[in-house]
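Peer 1: Would you be able to build a 3D model of this:
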Amino acid sequence: MFCSQCGMNNADNAAFCAGCGAPLANEQPVAQEAPQQPEAPVVQQPQGDFQPSYTPTPSPELPGKGMGIAGMILGIASIVLMCYFYIALPCAIVGLILSCSANGKAKKVGMKNGCAVAGIITSSIGLGLGVIYLLLAAIGFAAISEMGYDLEDFMEYIIFHKFF
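Peer 2: Below you'll find the predicted structure:
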């Protein structure tokens, strides 16, 4: 039996409409053309302008994300600027501190911070290369002084013989 108010198909023996609740007792049942078969389950249609909505749950913000990115950038800069060790070494040290701090914050909440890990790796490489660079420079200066050259005289000798 169809409801005259909302048009919903209801069971023949229903007294009220399952969709809108209007009484069905005074209505005439609709004649069926084919022999009666078992009724399919009735799916109720939502009334009005009901639109099912999906509200995604926002993912939690990664703690220390900005510090991890900054540490990674400083670590990369320390490798790229290795020829200028007086810039590269402080970049590596600050990058390592920021990256370790960001990684610790992420671990406290059970998350992983890939930028912080990359910052730890690149800053460690930059710091290691800087230390090697300083050791080689110190060995070179010691070798120059053992030869009896003053550093100024040695640089003048190299420049004069190299370019003239």
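
Peer 1: make it CA atoms for all contacts and neighbour counts henceforth
Peer 2: Will do.

Peer 1: residue contacts, Ile125?
Peer 2: Neighbouring residues of Ile125 by C-alpha atoms under 8 Å, 6 or more residues apart in numbering: Gly75, Ile79.

Peer 1: Can you list phi and psi of it for me?
Peer 2: The phi and psi values for Ile125, taken as degrees, to the nearest 10, are phi -60, psi -50.

Peer 1: For Leu62, see how far away it is.
Peer 2: Noted for Ile125: a distance of 25 Å to Leu62, by C-alpha to C-alpha, to the nearest Å.

Peer 1: so how many other residues sit close to Ser101?
Peer 2: A count of nearby residues for Ser101, using other C-alpha atoms under 10 Å, gives 18.

Peer 1: ugh, wrong one, Cys3
Peer 2: Number of residues near Cys3 (other C-alpha under 10 Å) recorded here: 20.

Peer 1: give me phi/psi at the residue nearest to the spatial centre of the chain?
Peer 2: Nearest to the geometric centre of the chain sits Leu62, at 7.4 Å (C-alpha atoms, centre = their mean). Dihedral pair for Leu62: phi -80, psi 120, per degrees, to the nearest 10.

Peer 1: Setting aside sequence neighbours, what's the nearest residue to it?
Peer 2: Closest residue to Leu62 apart from its sequence neighbours, by C-alpha to C-alpha, 6 or more residues apart in numbering: Ala106 at 6.7 Å.

Peer 1: mind listing what's buried in the helix or strand encompassing that neighbour?
Peer 2: Here Ala106 sits within helix 85-108, counting by DSSP states H and E. For helix 85-108, the neighbour count (16 or more other C-alpha atoms under 10 Å) marks 85, 88-106 as buried.

Peer 1: what do you get for stretch 123-138?
Peer 2: Here stretch 123-138 shows Ser123, Ser124, Ile125, Gly126, Leu127, Leu129, Gly130 as buried, counting by 16+ other C-alpha under 10 Å.

Peer 1: now, which of those residues lie within helices?
Peer 2: Among the buried residues of stretch 123-138, the members falling in helices (DSSP state H) are Ser123, Ser124, Ile125, Gly126, Leu127, Leu129, Gly130.

Peer 1: Domain ranges for this protein, per the record?
Peer 2: 1-33, 65-163 (automatic domain parsing).

Peer 1: how about the helices in the protein?
Peer 2: Ranges of helices within the chain are 65-80, 85-108, 114-146, 151-163, based on DSSP H.

Peer 1: Dump those helices into CSV; add mean pLDDT and distance to Ala18 as well.
Peer 2: Output for the helices of the chain, formatted as CSV (pLDDT from 0 to 100; distance: least, C-alpha to C-alpha, whole Å):
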stretch, mean pLDDT, distance to Ala18
helix 65-80, 93, 53
helix 85-108, 92, 53
helix 114-146, 88, 55
helix 151-163, 67, 99
